[in-house]
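Student: structure of the sequence below:
(chains A, B, C and D)
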Amino acid sequence: MSKPMHDTPMLDQLESGPWPSFVTGIKRLAKDEGKPYQNMMIDLLGQLEHSYKTRKGYWKGGTVGVIGYGGGVIPRFSEVAANYPASKEFHTLRIQPAAGMHYDTKIMRQLCDVWEKYGSGLIAFHGQSGDIMFQGVSSDKVQAAFDELNEMGFDLGGAGPAVRTGMSCVGAARCEHSCANEQKIHRILVNNFLDDMHRPALPYKFKFKVSGCPNDCMNSIERADMAVIGTWRDEMKVNQAEVKTFVAKKGRKYVIDNVITRCPTNALSLNDDDSLAVDNRNCVRCMHCINVMTKALSPGDDKGVTVLMGGKRTLKIGDLMGTVVIPFMKLEAQEDYDKLREIAEATIDFFAENALEHERTGEMIERIGLVNFLEGIGLEVDPNMIAEPRQCSYVRMDTWDEEAQKWFTRKAEEKRAAAAG
Amino acid sequence: MSKPMHDTPMLDQLESGPWPSFVTGIKRLAKDEGKPYQNMMIDLLGQLEHSYKTRKGYWKGGTVGVIGYGGGVIPRFSEVAANYPASKEFHTLRIQPAAGMHYDTKIMRQLCDVWEKYGSGLIAFHGQSGDIMFQGVSSDKVQAAFDELNEMGFDLGGAGPAVRTGMSCVGAARCEHSCANEQKIHRILVNNFLDDMHRPALPYKFKFKVSGCPNDCMNSIERADMAVIGTWRDEMKVNQAEVKTFVAKKGRKYVIDNVITRCPTNALSLNDDDSLAVDNRNCVRCMHCINVMTKALSPGDDKGVTVLMGGKRTLKIGDLMGTVVIPFMKLEAQEDYDKLREIAEATIDFFAENALEHERTGEMIERIGLVNFLEGIGLEVDPNMIAEPRQCSYVRMDTWDEEAQKWFTRKAEEKRAAAAG
Amino acid sequence: MPPRMPIESGVPDPFQYMHPLMARNFGAWNYHERPRPGVLCHTAKSGDKIWTVRAGTQRQMDLYTIRKLCDIADEYAEGYVRFTIRSNIEFMVSNEAKVQPLIDKLTAEGFPVGGTGPSVSMIAHTQGWLHCDIPGTDASGVVKALMDELYEEFIKEDMPNRVHITTSCCQINCGGQGDIAINIQHTKPPKINHDLVANVCERPSVVARCPVAAIRPALVNGKPSLEVDEKKCICCGACYPPCPPMQINDPEHSKLAIWVGGNHSNARSKPTFQKLVAAGIPNNPPRWTEAAAIVKKILRVYKEDARDWERLSDWVARIGWPRFFELTELPFTKFHIDNWRGARRSLNASTHIRF
Amino acid sequence: MPPRMPIESGVPDPFQYMHPLMARNFGAWNYHERPRPGVLCHTAKSGDKIWTVRAGTQRQMDLYTIRKLCDIADEYAEGYVRFTIRSNIEFMVSNEAKVQPLIDKLTAEGFPVGGTGPSVSMIAHTQGWLHCDIPGTDASGVVKALMDELYEEFIKEDMPNRVHITTSCCQINCGGQGDIAINIQHTKPPKINHDLVANVCERPSVVARCPVAAIRPALVNGKPSLEVDEKKCICCGACYPPCPPMQINDPEHSKLAIWVGGNHSNARSKPTFQKLVAAGIPNNPPRWTEAAAIVKKILRVYKEDARDWERLSDWVARIGWPRFFELTELPFTKFHIDNWRGARRSLNASTHIRF
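Tutor: Numbers count the residues shown, from 1 in each chain, chains lettered A, B, ... in the order given. So this is what the prediction gives:
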């Protein structure tokens, strides 16, 4: 026999309206007679209503984990357990989904079954971290729940000062814009750092995100310490017949005003015969025209990725975007992927050794300067890394000649390599 | 009988080539038998050749002036006077030209006559400061030269920590883009601060510059502490017949690629009948299309000025552009000009009281924040002053409601005033 | 028996759960179309076609909801689903005939079909009072309240371009950048329980965490504690996570602020950060009507004024911020003028002005 | 006799010296044309027309040159001249028939007619060794040497848009921003004459003048002097003007740097600052051939690659800096990556890359 429901007049107001209601869902669990989670969910509702009334949160952290790992479980202990004792422990397991967040119904049902047995019955698909969040489990059931999920092929994600759960877009699985094997990059990067994920010992968090094209549906530039984004370096593909069909349908003026003039580098021109002239040399792969004319335009064939580093949110110096550290690299042969992995390793090693406590990669770059960071991880400077060169003369340049020589030497080597290859 | 000429093998090389040679000019003065400046110019050439050989300058400052003024003469004493005694004193008089740098030949010849009598015979039209630079006069002749120029209607310009000589474009005198009476603004502003110009007592220099339109031929945004730039707020004028003539001459594609796509706010569209559609509401008065199609397009009728403050060069925190402090004001009635003058007065007063020693207005704004500066000179905040609102949440906003109320009150007053007027 | 050690399997291979048609045409898609709101049709180079039906969820789902979605996937689709980054669920089918019955079923069961193309998609959100240890507001509740209001904009494709909304329940901003972001903004310095600081907080770490160096160690009532210089304090709450006795959340003074123009995509302009447009908004559960009203006003104006394919940031870049404030009737204050690092970049150093 | 006190007349009224046709049509001009390089024709709303012939000068002019220009103005024009901000002289005539004889005379007397429209105008310059007290190089000489090289570009209108070149003889940068700027860049810390510092320099002012706080008061050989932390020093020379014993100029180590893309105009984009493209260039009088070669290379590439109406900054914005370095064959180094205040703004936080 369950305990009585708390009055939840404020939460009840979130049951009306057309959008699916999480309150209705939680209530169903709270009314689920005989289930192990029933009382927990009754008190969860009570505490949440209390938060709504008092406009404050009542969870605090602590230490909860599974054997062998130092992170991945988010401990939550109630500060108002006296009133809501059944939900006094309400921890979350962060579980990494398959890259691209694919599921068949069989595995979905199995995930539900585990959480019916050990947890609250409440699962979030997915948290901002990219994890499936199994929300609400008491301390004594964390290990058993994890063991069962782990046997099914799932692993804990990251938490604390660690490599975090990654994210990748649907990409090659369903998107014609895909310029990379997103899930492969995602898995190679994250799965190479499981020790740094499961045993948090970095200065602060480190995130990988992978988007298949510059539309960056994974928000990797802003949200990842290391963002890998698909792109191409040959000419975009133009189906002139489809261009003409589009112009015929939409009108010349519409196409000029909505495609031609929106090109950020004026690389498009509509010919008088309604075909499209593309100045590929000055195209910056922004995707706008391709997004608009999906049938007529598409990325080229010589695909690869751009890598940016240092994206993060507000704390401590304000939001930062990642910045380009590798303008382009191919990802075809195993060596290519190895090279990407090695760059990630060098970066995380450098981060571990040089960042201050609670400092993100982007803040470290800001503090030490991009050039020192590049030297630290063994990458050469490249003009694609900047929007524009310095505009202040306040710099000491007495080693100019040596630095200039480095560039000439590199360029000569590249030329030789190109000629040889 | 003059002293012998120094050997000037390096300077001699600057007599070849098609561009007019200042060396040839100086040599002519140095060969001008019997003129008071002859020996001075012989030694000037000697010292300059010495600089060319040793790659160093040999002038130092000092104290030279005219009675009643604390500045305006640039003292130059030679550090190598032992070898070049006749040019040991080679001071410059900074003389303000008429606004717009107009001359008739009569006054030009009179200026020459004065400098033949007292000076070196070398005059620069004009220095970067906007002055006529009467270069090269010995200490004992400074006063006489100035007196004569002063009687002719000319006055010394600024030097040191003072209001400096202003500049204004040819403007209404010959340019159809002119949206203001540039020479009037220039003269009202500078001539109001002659005391601050002639008796340097500000923290550092303060410059006025006036351009008649956003082409800003006077470089005022980058080079003036207070820049006044003509603009308009009604619709630009379009002569559709001239537009069609232009399109017919240049071709549709040329016009689209060189006019339509270059509009920074996509406010232009070429209609299918070759007439031009202008979204005046979103036009930012950049001048590009007007510059290209001078006969077809021109500024509107409701003219006025935008005022920006804080432009300066590298020292001490890097180059700064001025920023908008008055998005638009009419300059028609005397009261309008009075208001502009009062704003300049408030600015210079605030600058005098709040800037650090050797700090420019722009640096002061940078240090104290634009909002504090605006409060200091009695201007209200306006969204036209910014390119975009803040993007970091790190600000304390507990007086939000009061500040919001100020805005609503202002807007209501403006509305009432508009309805009444 | 020795304890079970974890299998460090990391990120699972997605091919085991992927719709076979997607696996077969992996990396070989040709183009896509949007036959109607909520539906995508992708055509592969092989000629294969796959239809995706996208539906909104409440993100925090109970078992019954998830199992119902599975039942729908099995009965009306082909047993495969995936989730988008904004917690929408996607059902993939290989046959166009299955699309309408699937839509009907989802709609009947209360799952809105939409979130594709130029629509307002599901709000990316944080944990809030439901599960976060430092929240200034709820998250799921704010989102439910807002999505009820924006339901029509989710199921239609009537916006100029896609709209991504985010919320963050503290100023750390886990919600990230959005076309529109609704974030907590504290307005008063933390209230310090000096009895607890010494025991609970690693004081040097807390001092180091402050972005404006306003915290210093101090003896208060004879106990080692921390002191805040309230003149320097920007009330950001950075000290609260490492030091819970420095309570930043306040039922009245923790307000909401609305930010506009964050854009992660590289389409047209480079990615942009969101900018402050409104603050001082009451944190008012359960339906946060004041914040919702502002969001709806912004969306209405954007919808009316923007051109096709203009994201909110593109639109404002074209019409200018003064017009944005005019059209949305939001007040412009001194707080909108940046004074954080690099603020000068945000000043108008030009005569580019719209009248 | 009491001394004569100045008449504080300030800026003279220009109408007394203005061509009568300009005074008559003041504020009432309609449009202008450029019939040929060096000539402008303005048409007033009244129907009046005025032709302007623009010619280059050496700026620092001797009396004979000025009087010759006056003679030309009297004989071939109408007795009125004016100067542009770039030291070009303009002759105004009311009759088209006077234009060609005037051009012929100017040309015959060695004054290049040009500097209008898409040409390279006269270089804005500072004083240099001729008259400045802190110069790292000459100015008039550099300009003469360069304008000899750019003569054809002055008298023709063959560039994509106007080109403004500037020079500065020290890092204070009195030359300001230019499409191309050739400025002194010191590369070694000042050499201090400790015997003189105490007498000549106001030490606290000098300490305050340093942009990186690298100067501190010190006792050297028992005398109060100043010391430079050479690791922090950026060799900018800011300390030299207030303290001449801190000699920054060096015949070998004061180099030239070239900057590109400064633009004051609001046309198209907002005004822009110039950016570093080349440094370490020898300060090599009398003809500064190394610097001239780089300037000419930049101009050649710009001329070939830019579109009509693109200023140098517009062109580089379109083609990107990597292409600029490729086309000009200038080396890209770590020094090009900004590390001054607000440097992050200059990093590429996007995938906008040209291949």
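
Student: so which strand or helix has the nearest residue to residue A:230 once chain neighbours are set aside?
Tutor: For residue A:230, ignoring the flanking residues on the chain, the nearest one in space by Cβ to Cβ, 6 or more residues apart in numbering or on different chains is residue A:179 at 3.1 Å. From N, CA and C alone the C-beta is placed, and that goes for glycine too. With secondary structure defined by DSSP states H and E, residue A:179 is part of neither a helix nor a strand.

Student: burial measure for residue A:76, as a count.
Tutor: Counted with other Cβ atoms under 10 Å in any protein chain shown, the neighbours of residue A:76 add up to 25.

Student: my guess is it meets residue C:131, correct?
Tutor: Yes. Under the criterion of Cβ atoms under 8 Å, residue A:76 makes contact with residue C:131 at 6.3 Å.

Student: which neighbours do the two have in common?
Tutor: Here residue A:76 and residue C:131 share the contacting residues A:59, A:90, A:92, scored by Cβ atoms under 8 Å, 6 or more residues apart in numbering or on different chains.

Student: need the buried ones from the residues you listed selected in ChimeraX.
Tutor: Only the buried entries of these go into this ChimeraX selection, using 16 or more other Cβ atoms under 10 Å in any protein chain shown:
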select /A:59,90,92
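
Student: so which of the shared contacts of residue A:76 and residue C:131 comes closest to residue B:267?
Tutor: Nearest to residue B:267, judged by Cβ to Cβ, of the shared contacts of residue A:76 and residue C:131 is residue A:92 at 50.9 Å.

Student: ok, the closest one - contacts?
Tutor: Contacts for residue A:92 (Cβ under 8 Å, 6+ apart) come out as A:73, A:74, A:76, A:133, A:134, A:135, A:136, A:137, C:131.

Student: and what of residue A:367?
Tutor: A:356, A:359.

Student: go with 10 Å
Tutor: A:317, A:354, A:355, A:356, A:359, A:373 (Cβ atoms under 10 Å, 6 or more residues apart in numbering or on different chains).

Student: what do you get for residue C:321?
Tutor: Residue C:321 is in contact with B:383-389, C:260-261, C:275, C:277, C:332, C:336, C:348, C:354, counting by Cβ under 10 Å, 6+ apart.

Student: so which of those residues reach chain D?
Tutor: For chain D, the contacts drawn from these by Cβ under 10 Å from any Cβ of the partner chain are B:387, C:348.

Student: tell me the one among the contacts of residue C:321 nearest to chain A.
Tutor: Checking the contacts of residue C:321 against chain A with Cβ to the nearest Cβ, the nearest one is residue C:275 at 11.3 Å.

Student: for the closest one, give me the pLDDT.
Tutor: At residue C:275, the model reports a pLDDT of 98.

Student: now swap in the one 3 residues further on and tell me
Tutor: The score at residue C:278 is 98. That number is its pLDDT.

Student: what of the one 10 residues further on?
Tutor: Here, the pLDDT recorded for residue C:288 equals 97.

Student: if you skip the residues just before and after it, what's nearest to whichever residue of the stretch 101-250 of chain C sits closest to chain D?
Tutor: Closest to chain D within the stretch 101-250 of chain C is residue C:177: 11.9 Å, counting by Cβ to the nearest Cβ. Spatial nearest neighbour of residue C:177, excluding adjacent residues (Cβ to Cβ, 6+ apart): residue C:262 at 2.9 Å.

Student: for that neighbour, which residues are in contact?
Tutor: Residues counted as contacts of residue C:262 (Cβ under 10 Å, 6+ apart) are A:219, A:222, A:319, B:391, C:164, C:166, C:175-181, C:271-275, C:311-313.

Student: of those, grab the buried ones for ChimeraX.
Tutor: Listed next is the ChimeraX selection for buried residues among those, using 16+ other Cβ under 10 Å:
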select /A:219,222,319 /B:391 /C:164,166,175,176,177,178,179,180,181,271,272,273,274,275,311,312,313
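
Student: so of the contacts of residue C:262, which ones are in strands?
Tutor: Using DSSP state E, the subset of the contacts of residue C:262 located in strands is C:166, C:180, C:181, C:275.

Student: distance of the second one relative to residue C:146?
Tutor: So the one you mean is residue C:180. 10 Å (Cβ to Cβ, to the nearest Å).

Student: give me the common contacts of these two.
Tutor: C:120, C:123, C:165, C:167, C:295.

Student: what sits against the third one?
Tutor: With contacts defined as Cβ under 10 Å, 6+ apart, residue C:165 is in contact with C:86, C:120-125, C:143, C:146-147, C:150, C:153, C:175, C:178-182, C:295, C:299.

Student: again, 8 Å this time
Tutor: Residue C:165 makes contact with C:120, C:121, C:123, C:124, C:146, C:150, C:178, C:179, C:180, C:181, C:182, C:295, according to Cβ under 8 Å, 6+ apart.

Student: let's have those residues in JSON lines, adding pLDDT.
Tutor: Formatted as JSON lines, the contacts of residue C:165 follow (pLDDT from 0 to 100):
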{"residue": "C:120", "pLDDT": "98"}
{"residue": "C:121", "pLDDT": "97"}
{"residue": "C:123", "pLDDT": "97"}
{"residue": "C:124", "pLDDT": "95"}
{"residue": "C:146", "pLDDT": "97"}
{"residue": "C:150", "pLDDT": "98"}
{"residue": "C:178", "pLDDT": "96"}
{"residue": "C:179", "pLDDT": "98"}
{"residue": "C:180", "pLDDT": "98"}
{"residue": "C:181", "pLDDT": "98"}
{"residue": "C:182", "pLDDT": "97"}
{"residue": "C:295", "pLDDT": "98"}
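
Student: phi first, then psi, for residue C:227.
Tutor: Dihedral pair for residue C:227: phi -120, psi 140, per degrees, to the nearest 10.

Student: now the contacts of residue A:92 in TSV, with secondary structure and distance to chain B?
Tutor: Converted to TSV, these look like this (DSSP: H, G, I helix; E, B strand; the rest coil; distance: Cβ to the nearest Cβ, whole Å):
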residue	secondary structure	distance to chain B
A:73	strand	30
A:74	strand	24
A:76	coil	26
A:133	strand	25
A:134	strand	31
A:135	strand	27
A:136	coil	30
A:137	coil	33
C:131	coil	22
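
Student: picking that back up, out of the shared contacts of residue A:76 and residue C:131, name the ones that lie in strands.
Tutor: A:59, A:92.

Student: go through the shared contacts of residue A:76 and residue C:131 and say which is closest to chain D.
Tutor: Relative to chain D, and with distances defined as Cβ to the nearest Cβ, the nearest of those is residue A:92, at 32.2 Å.

Student: neighbours of the closest residue to the closest one other than its chain neighbours, how many?
Tutor: Closest residue in space to residue A:92, ignoring its immediate chain neighbours: residue A:74 at 4.1 Å, by Cβ to Cβ, 6+ apart. By other Cβ under 10 Å, 25 other residues sit near residue A:74.

Student: residue A:74 is in contact with residue A:89, isn't it?
Tutor: No. Taking contacts as Cβ under 8 Å, residue A:74 lies outside contact range of residue A:89: 11.7 Å.

Student: quick one: residues contacting the residue in the stretch 51-200 of chain A that chain D sits nearest to.
Tutor: Of all residues in the stretch 51-200 of chain A, residue A:179 sits closest to chain D, at 10.3 Å by Cβ to the nearest Cβ. Contacts for residue A:179 (Cβ under 8 Å, 6+ apart) come out as A:212, A:213, A:230, A:231, A:232, A:299, A:303, A:304, A:305.

Student: mind redoing it with 6 Å?
Tutor: Residues counted as contacts of residue A:179 (Cβ atoms under 6 Å, 6 or more residues apart in numbering or on different chains) are A:212, A:213, A:230, A:231, A:232, A:299, A:303.

Student: show me where the stretch 51-200 of chain C has its strands.
Tutor: C:60-62, C:80-83, C:89-93, C:165-168, C:180-186, C:191-192 (DSSP state E, counting those that start in this stretch).

Student: what's the closest of those strands to residue D:72?
Tutor: Among those, strand C:180-186 comes nearest to residue D:72, with 66.2 Å by Cβ to Cβ.

Student: what sits up against the closest one?
Tutor: Counting by Cβ under 6 Å, 6+ apart, C:136-137, C:165-170, C:235, C:237, C:248, C:254-260, C:274, C:279, C:291, C:295 sit against strand C:180-186.
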